[in-house]
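quick one: sequence and predicted model below, then my questions.
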Amino acid sequence: MTLWPAATEGAGQAAGYPALFVLVALGALVPVIPTGALVSSAAVVAFHQPSMALGLSLVFGVSSLAAFLGDLALYWLGRSGVRSRGGSRWLERLRGRATPERLERARRGLDEHGVLVLVVSRLVPAGRIPVMLACLLAGLPLRRFARGDGPACLAWAATYGLIGIVGGSLFSRPWKGVAVAVGATLLISAAPALWRRLRPSP
């Protein structure tokens, strides 16, 4: 009887990693899915498993690879839109998610720091799209973008995985750790918008 729960738990974990991959990759393409919260929640669950080290390693590897491939797909679609005469729906959607001020800051950062700014943009809430647009408009080749985006995705997965580890270590019940991790990631995501609303206008 004791083998059945273990087998069910193992099957659930095995199914969870492909689901995590699909959702994170889709979230890179459609920037409305809270991918950071997904990674943190998966890290909380992995933290409470018997094979904690393996589970956390899989969460890190799966999420960083999915984010990287999703970014490359979105950048490729954006480059296709830049090269086409009429543009593309993907490029217009990207433009709609970046204010002119943030796009200008991303352009200056790209001019001053090159692709290293990609690492920072992945860690700053809502910073990825303006930098990606700046790279597209600057004509950055896909290969060069990939060289900068790879370390960025690794740093992103490690950061949100760490949030999940902290949340998992605070509580013995995984659902409580998931709630804390999700709340923390959503608060981090909302912080820039709240700051822009609350700060006094110049």
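Now that the structure is in, tell me what you want to look at.

longest helix of this structure?
As assigned by DSSP state H, the longest helix anywhere in the chain is helix 52-83.

and it, what does it pack against?
helix 3-29, helix 35-47, helix 89-96, helix 128-137, helix 142-170 (3 or more Cβ pairs under 8 Å, 6 or more residues apart in numbering; DSSP states H and E). Where you see a C-beta, it was placed from the backbone N, CA and C, and this is true even at glycine.

list the buried ones in it?
For helix 52-83, burial by neighbour count (16 or more other Cβ atoms under 10 Å) applies to 55-56, 58-60, 62-72, 74-75, 77-79, 81.

mean confidence for it?
Computed over helix 52-83, the mean pLDDT rounds to 88.

also stretch 144-159?
Mean predicted confidence for stretch 144-159 is 91.

for residue 72, list the residues it contacts.
142, 145, 146, 149 (Cβ atoms under 8 Å, 6 or more residues apart in numbering).

and it, how far is that from residue 100?
26 Å (Cβ to Cβ, to the nearest Å).

same question for residue 165.
38 Å.

looking at the two, which has the bigger crowd around it?
residue 165 (20 against 9; other Cβ atoms under 10 Å).

where does the protein have low pLDDT?
The chain contains residues with pLDDT under 70 at 1-15, 81-99, 171-202.

go with 90
Confidence mapping of the chain against pLDDT under 90 gives the ranges 1-17, 28-38, 40-42, 44-53, 74-145, 147-148, 159-160, 162-202.

ok so, going back, can I have the buried ones of the contacts of residue 72 as a PyMOL selection?
The buried residues among those can be selected in PyMOL (16+ other Cβ under 10 Å) with this line:
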select buried, resi 145+149
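
so residue 164 touches residue 41, yeah?
Yes - assessed by Cβ atoms under 8 Å, residue 164 is found in contact with residue 41 at 6.5 Å.

more crowded one of the two?
residue 164 (30 against 26).

measure the more buried one to residue 62 for me?
On the measure of Cβ to Cβ, residue 164 and residue 62 end up 13 Å apart.

for residue 139, which three-state class applies?
Following DSSP: H, G, I helix; E, B strand; the rest coil, the label given to residue 139 is coil.

how about it, phi and psi?
phi 70, psi 30 (degrees, to the nearest 10).

how many neighbours does it have?
Neighbours around residue 139, by other Cβ under 10 Å: 9.

separation between it and residue 79?
9 Å.

what's the burial count for residue 105?
17.

how big is the angle separating the helix or strand containing it from helix 128-137?
When elements are defined using DSSP states H and E, residue 105 is found to belong to helix 100-113. If you take axes from the mean of the first three to the mean of the last three Cα atoms, to 10 degrees, helix 100-113 sits at 60 degrees to helix 128-137.

can you list contacts of whichever helix or strand comes after helix 100-113?
Using DSSP H and E, the helix or strand that directly follows helix 100-113 along the chain is helix 117-123. Under the criterion Cβ under 8 Å, 6+ apart, residues 67, 106, 109-110, 127-128, 130-132, 135, 145, 148-149, 151-153, 155-156, 159 lie in contact with helix 117-123.
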